[in-house]
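Asker: sequence below, structure please.
(chains A and B)
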Amino acid sequence: MRGDSPGHFCILQKDGVSMKKGDLSEVLEALEATKLFKTNLTRRVELEAKPGIYREFPPNLTGSLKKALLERGVARLYAHQEESYRRIQAGEDIVVVTPTASGKTLCYNLAVLDRLLREPARRALYLFPTKALSQDQSAELQSLVSGTGENLKVHTYDGDTPTGIRGTIRKQAQVVISNPDMLHTGILPHHTKWNTFFQNIAFLVVDEMHMYRGVFGSHMVNVLRRLARVCRHYGSYPQAVFCSATIANPRELAERLIERPVTLLDQNGAPRGKKRLYFLNPPVIQKELGLRGSPLGMVQKIASEFLRRGRSTIVFTTSRLHVEILTKYLKDTFEKGGGEMEEKIRGYRGGYLPNLRREIEKGLRSGEIKGVVSTNALELGVDIGSLEACILCGYPGSIASTWQQAGRAGRRTGMACTVLVARSNPLDQFIIQNPDYFLGRSPEHARLNPDNLSILVSHIKCAAFELPFRKGERFSGENLEEILEYLVEKRVLRKYGDRWYWAEESYPADKISLRTVSEENFLVVDRSSANRVVAEVDHQSAPLTIYPGAIYMLEGQQYQVEELDYSNHKAYVTQVKADYYTEAVLFTKLKILDVFSSDPEDVCRGKARMHEGEVHVVSHVAGFKKLKFYSSENLGYGEISLPDQEMHTTSFWITLDPEDLVEIGLTTQDLLYSLAGCGYAMQHMACFILMCEPRDLGKAVGDPYLKWFFRPDSPLRDPPPAAGGPGPGGWFGDGEGSPDMEFRPTLFLYDAYPGGLGLSSHLFSCRKELLEGTWSLIERCSCGHGCPSCVGPAPEVGELTKSNARRLLEWMICGAGCRG
Amino acid sequence: MDDLRSRLQRVRGLGSQDRQAGADGKEIGGSDRVASLRARLARLEQGMALSKRSDPSRLANQRCLDEVLRGRVVLNGAGVCYEVPSTFRKSFRHGDYCLEDGLGLDLGGLEALCGGTLGQGGGGSRGSLDGIRAEDLLFLDTETTGLAMGTGTYVFLLGMGFFRDDKYCLHQFFLRDFTEEAALLSEAMNLIRLFRVLVTFNGRRFDVPLLETRLLLQGMTSPFEGMIDWDLLYPSRRLWRGRLEDCRLETLEGERLGVTRGDREVVGADIPGIYYRFIHSGDTRDLDRIAYHNAMDILSLTTLLTHLDRCLGRRDPKKENLLSLGRFYERRGMGAVSVECYEMAGAGGVDEGERNRALFRLACRRRRDGRVEEAVGIWEQLIDRGGDLRPESCIELAKVHEHVTRQLDRAIEAVRMAESRDRPVRPDLRIDLEKRLKRLERKRSRLWGK
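Answerer: A predicted model of the protein is given here:
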């Protein structure tokens, strides 16, 4: 038997013969019999094969296009492809919801190419979320076009396009493939150079529509508003075609993006082979703290087994670092064997050069490469052939992504399997405990807020640069004229007669990134290397990451922040080698400004008072902890004095009344800790529902009118509490409390972006689901008294917090004396 | 239908306005909504760098536009615009040249040096240079609100200089406000159409595309299509790259045209700010300085053309351009003129390296023209001198002796000479020399063997 070296781990019984051939199902049976699977499997799901629903080519399809399809081995269309074609031909705006590997590009390419072949003067714009993806798809489309034998010009237009050919593309390319960032800075502000294109544009195709949520989505709506405006100027009204992965609200999202009604097509006609899903949870290795083993080891073992048996395998990880680690582990495993398997395993991530990526993709298609470890860079995009096994090292962050990644195994026919191995964070743990979410309707809602004032005003500036605004125009639901007048006052615009003109030196699109909300980034300047700028940090993260004394890490190199020039937005650092990292201690206080909605008691029979509205958030970074690497030992503390950050945003909150507290029966201190514990779990649950990152939401426990707030792990100040108020143990107040101050502990979950993104308002609409899901997360956690997977580590939050938090939630959901 | 209407409402975000409920839950009325929008906008200022506006200027002490610019209002079919006309005697001196030196230039030669065609139509130039005189040239320069070149960058000062009736005229069109743009462009374009050659500095990449954008936005056609385009940036680079700090008009002006600008000059980077200050507050300060700056640019453009003509005709006392010109003429197939250039450069007055290079090219041309002895003489001279063209000269000498004079010994000697000095020879040349030597020796031994 090969590979008896220490790096090799064999989990199956071997009879000395290497089992290269054989059905995947045999391999799976063998795997299921192993100890690893038996002890750690939480669920096994079998999805039956689904036959395809086929339709004949539409009768009026152009001959050359039909020929091109036949040459590629496509003799019939799937039902959804044919329906898309018909509806686009009929002039409808559509959104097609398809899982991966269901031939979605033909849903738009057929109708678009058909029209362009008949009317070569027409134009189409394809948008993909990233440059890499658009370049991948361009190659795909080019090959289809060349199959027709016609002279149709298709080209990408983005930051990588050589200047020499840009003019030709603008004038002549019939399909222009680009991305939102390029549209925003490189195309719209120069629309006169594109006059032929805009006069003739007939189609706008937006693929991977589900990516346009949160901040990015809010910006995208505005970029599309500007696009529509420019098209109108040239007399064009292009039709829209969207493609999306499965989310709960695809039609709503499409209609918000294009601001008019859209037809939904969500019946997938592609066949699907038999699929098996396995959910695995690494074992708890430290019961007291509730710590679980890392998934890396388990993933390595499983992947090795598949590869040893010649099964093509893809492993998805959640970080680039893990890609490198796992690739190394796997290569090491096979290196000693002396076979060629070692070369057949590759790593893949977005940072690689295009040539290398092409090479790996080609190798996957041809079977040269048997195993690949990747970030979600391979989730979308180019065809990589059909792999048999897919292993997810950690939950990808959304159900949609999970299905996209799983879809990489077993494209159309034949058996395939997906294994999800959880990490110890709350979201992963929740998913692993509740795998039913995968199998029913998607609970994930894409949320965005294009009328977030900060985002909206930025784009109004860009739009004014593109074309002067006229009286009577509309741009968003807000009062446009008022905003324009405001910009006139600020000397950004100038009004003449009934028009508003751009009147400032700068070029607005340059300063606006589509991925952030605030404008002014901080520059990180390395003094030890001739004042080179090494990084940019956005305004919000700055006080948390580049305060004086912070250790800032970038690509493995540590830098210490020596000076922070706040007003000039610069941080000066020097390279260091330290054995610790730093973590800022953030105090957050909130004040309610406006209540939009309240829940008196109709949704939950319980007693929690829930609301959503506008809040004022004050963030104060008081100091930072120095924590030793690996042991997280606290080495010391440093002071920081930075101005408070204030912002207005939207929030969801739960308030407890003084009378209720008696009913709950906890001491004040315990109550605060358990409320914080609920908040910890709830924040992760919220990310699950909202399809967002933990950093998109802020949480705080405190008084709704800034009088005090609570932070479980802070050892900092112990100001005197008001008489009758909360006790010591990490709370911070202004000393404004009076003896008869009402004690109204409140848990806030707010949008971490000024102006809000519509996240917390959605939480309010799903509050029942939110509370119940949070309860379930805590209840099903197998730790003893609290761990990072449910309410926070017990040593920080206290031994009783887990059970108290659960009780508190029960009380919130259904009142005293009942069990969830 | 109801479903559609409510969906449309929802989609248009009208639903969000419903949520503007006050703390007491009642709907806020129209003006209250505006007030709260205002308050929200005010709160935005912190993050949006909007409050960093420059101080509004003092309006006291302000002179009216006519006093500052001394222009006049012009009325045409598209509306009203503002023009600042001026005239110069042809004897007016701008630096080292008088304006009238620009009459009687070798326009054919200049076309070879500078020429190009404007416009994306690419339909060939608008006529040839037949019968072109100095009066058909238009010298153009613009001042803009930024360098970004998008649809929000305006041309606010469009300056045009030309010869007419024994004088030199300068017309500067100034954009008093954005509503006058159509009239301004209309007036300016009518003037442009009267000329056949457009002379600019970086106009091909900047001024012309920008003007075409403005024209498109106003729905007007471009007069530039097919015009002969003399963008002097390119010939300037050809002649002076590497010799001067840079090839900006300002630098050329100071270093080669003898021009110095007075106190009225304004720094280029300040120009957009000055104009916007006028637009927002009516403050006319420094607008005259922008006009001065623009006028100087155009006059320098005019004398630059004269200077280029002088260089081209080899009349420039500074002989620095001769080598570049020689090569330029060679590429154009004008061998005799190139020889003149090389001869002049070879005679002296230029730095050593250039002189050697000029002599080398001269030798090559001599050989071409059949004057082999002279060519050999020059190469031998270069070899003796031991400059950096030594190996190349050895190679050329060897070639001549191998194929023309048929003296293999001398050829071999020439190759050997390249290696004999201590100076390191470039790898590719060394390879050539080695191969050549081998081949020559083989050839020679075959000959002897006969």
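Asker: for residue 178, grab the count of nearby residues.
Answerer: You didn't say which chain, so I picked chain A. 22 (other Cβ atoms under 10 Å in any protein chain shown). Quick note: C-beta positions are derived from backbone N, CA and C, even for glycine.
Asker: wait, chain B
Answerer: By other Cβ under 10 Å, 20 other residues sit near B:Phe178.
Asker: wait, it sits on A:Pro468?
Answerer: Yes - in this structure B:Phe178 lies within contact range of A:Pro468 using Cβ atoms under 8 Å: 7.5 Å.
Asker: list residues touching both of those two?
Answerer: A:Arg499, A:Tyr501 (Cβ atoms under 8 Å, 6 or more residues apart in numbering or on different chains).
Asker: count of residues packed around A:Ile94?
Answerer: A count of neighbours around A:Ile94, defined by other Cβ under 10 Å, yields 24.
Asker: ok, now which ones touch it?
Answerer: Shown in contact with A:Ile94 (Cβ under 8 Å, 6+ apart): A:Ser84, A:Arg87, A:Ile88, A:Ala240, A:Val241, A:Phe242, A:Val262, A:Thr263, A:Leu264, A:Leu265.
Asker: do A:Leu487 as well
Answerer: By Cβ under 8 Å, 6+ apart, A:Leu487 lies in contact with A:Val457, A:Ile460, A:Lys461, A:Ala464, A:Leu493, A:Trp500.
Asker: let's see 6 Å
Answerer: Counting by Cβ atoms under 6 Å, 6 or more residues apart in numbering or on different chains, A:Leu487 touches A:Leu493.
Asker: A strand includes it, no?
Answerer: No - per DSSP: H, G, I helix; E, B strand; the rest coil, A:Leu487 lies outside any strand segment and is helix.
Asker: and it, what pLDDT?
Answerer: For A:Leu487, the model assigns a pLDDT of 93.
Asker: try B:Gly15
Answerer: 32.
Asker: just B:Ala375 next, same as before
Answerer: For B:Ala375, the pLDDT comes out at 90.
Asker: near the residue in the stretch 601-750 of chain A that chain B sits nearest to, how many other residues are there?
Answerer: Per Cβ to the nearest Cβ, A:His648 is where the stretch 601-750 of chain A lies closest to chain B, at 5.6 Å. A:His648: 19 surrounding residues under other Cβ under 10 Å.
Asker: how about it, phi and psi?
Answerer: With angles defined as degrees, to the nearest 10, A:His648 sits at phi -110, psi 130.
Asker: need the contact list for it.
Answerer: Listed by Cβ under 6 Å, 6+ apart, the contact set of A:His648 reads A:His616, B:Arg43.
Asker: correct me if wrong: A:Ala254 contacts A:Val241.
Answerer: No - using Cβ atoms under 6 Å, A:Ala254 makes no contact with A:Val241, being 9.7 Å away.
Asker: local confidence estimate at residue 120?
Answerer: This is for chain A. Per-residue pLDDT puts A:Pro120 at 95.
Asker: meant chain B, my bad for not saying
Answerer: Predicted confidence (pLDDT) for B:Gln120: 42.
Asker: now B:Arg365: phi and psi?
Answerer: Torsion angles, degrees, to the nearest 10, at B:Arg365: phi -70, psi -40.
Asker: that one: what's it in contact with?
Answerer: Residues near B:Arg365 by Cβ under 6 Å, 6+ apart: B:Val339.
Asker: gap between it and chain A?
Answerer: Taking Cβ to the nearest Cβ, to the nearest Å as the measure, B:Arg365 falls 34 Å from chain A.
Asker: and the stretch 551-700 of chain A, which residues reach chain B?
Answerer: Residues of the stretch 551-700 of chain A found near chain B (Cβ under 6 Å from any Cβ of the partner chain) are A:Phe596, A:His648.
Asker: the strands in the stretch 551-700 of chain A, which residues?
Answerer: For the stretch 551-700 of chain A, the strands defined by DSSP state E, counting those that start in this stretch occupy A:551-554, A:557-565, A:570-576, A:580-599, A:609-628, A:634-639, A:645-655, A:697-702.
Asker: tell me which of these sits most buried.
Answerer: Most buried of the strands of the stretch 551-700 of chain A, by mean neighbour count (mean count of other Cβ atoms under 10 Å in any protein chain shown): strand A:697-702, with a mean of 25.
Asker: residues near residue 306, how many?
Answerer: Unless you meant another one, I'm taking chain A. Residues near A:Phe306, counting by other Cβ under 10 Å, number 26.
Asker: if you could check chain B rather than the one you did, that'd help
Answerer: Residues near B:Thr306, counting by other Cβ under 10 Å, number 21.
Asker: OK, contacts around A:Gly385?
Answerer: A:Leu364, A:Arg365.
Asker: distance from stretch A:210-222 to the middle of the chain?
Answerer: Computed by Cα atoms, centre = their mean, to the nearest Å, the chain-centroid distance of stretch A:210-222 equals 11 Å.
Asker: quick one: it near chain B?
Answerer: No - Stretch A:210-222 is not in contact with chain B by Cβ under 6 Å from any Cβ; minimum separation 9.6 Å.
Asker: quick one: least confident helix or strand in chain B?
Answerer: Every helix and strand in chain B was compared by mean pLDDT, DSSP states H and E; the lowest is helix B:14-18, with a mean of 35.
Asker: what of chain A?
Answerer: Min over SSEs of chain A, mean pLDDT, DSSP H and E: strand A:731-733 (a mean of 50).
Asker: ok, then the element right after it?
Answerer: Next in sequence after strand A:731-733, counting helices and strands by DSSP states H and E, comes strand A:746-751.
Asker: just checking: what are the partner strands of that following strand?
Answerer: With DSSP bridges as the test, strand A:746-751 is paired with strand A:645-655 (antiparallel), strand A:697-702 (antiparallel).
Asker: how far away from the center of its chain is that strand?
Answerer: The answer for strand A:746-751 is 21 Å, by Cα atoms, centre = their mean.
Asker: which residues sit against that strand?
Answerer: A:590, A:615, A:649-655, A:675, A:679, A:686, A:697-701, A:704, A:757, A:759-760.
Asker: could you give the mean pLDDT of it?
Answerer: 92.
Asker: now stretch A:215-225
Answerer: The predicted model assigns stretch A:215-225 a mean pLDDT of 95.
Asker: just the C-alpha atoms of it, please, in PDB.
Answerer: This file holds the C-alpha atoms of stretch A:215-225, laid out as PDB (Å, rounded to 0.1, in the frame of the first residue of the first chain):
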ATOM      1  CA  VAL A 215     -24.200  48.200   0.300                       C
ATOM      2  CA  PHE A 216     -23.300  46.900  -3.200                       C
ATOM      3  CA  GLY A 217     -26.900  46.500  -4.100                       C
ATOM      4  CA  SER A 218     -27.900  49.900  -2.900                       C
ATOM      5  CA  HIS A 219     -25.200  51.500  -5.000                       C
ATOM      6  CA  MET A 220     -26.100  49.300  -8.000                       C
ATOM      7  CA  VAL A 221     -29.700  50.500  -8.100                       C
ATOM      8  CA  ASN A 222     -28.400  54.100  -8.400                       C
ATOM      9  CA  VAL A 223     -25.900  53.200 -11.100                       C
ATOM     10  CA  LEU A 224     -28.800  51.600 -13.000                       C
ATOM     11  CA  ARG A 225     -30.900  54.800 -12.500                       C
END
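Asker: hang on, the earlier thing: distance check, the residue of the stretch 601-750 of chain A closest to chain B against A:Lys490.
Answerer: In this view, A:His648 and A:Lys490 are 19 Å apart by Cβ to Cβ, to the nearest Å.
Asker: what packs against the helix or strand hosting A:Ala228?
Answerer: A:Ala228 belongs to helix A:214-233 when assigned by DSSP H and E. Judged by 3 or more Cβ pairs under 6 Å, 6 or more residues apart in numbering or on different chains; DSSP states H and E, helix A:214-233 is in contact with helix A:453-466.
Asker: what comes into contact with the helix it packs on?
Answerer: A:188-189, A:218-219, A:222, A:226, A:476, A:483, A:493, A:502, A:508-509, A:512, A:517, A:754-755, B:40, B:44, B:151-152.
Asker: and the residue nearest the centre of chain A?
Answerer: Per Cα atoms, centre = their mean, the C-alpha nearest to the average position across chain A is that of A:Cys692, at 5.4 Å.
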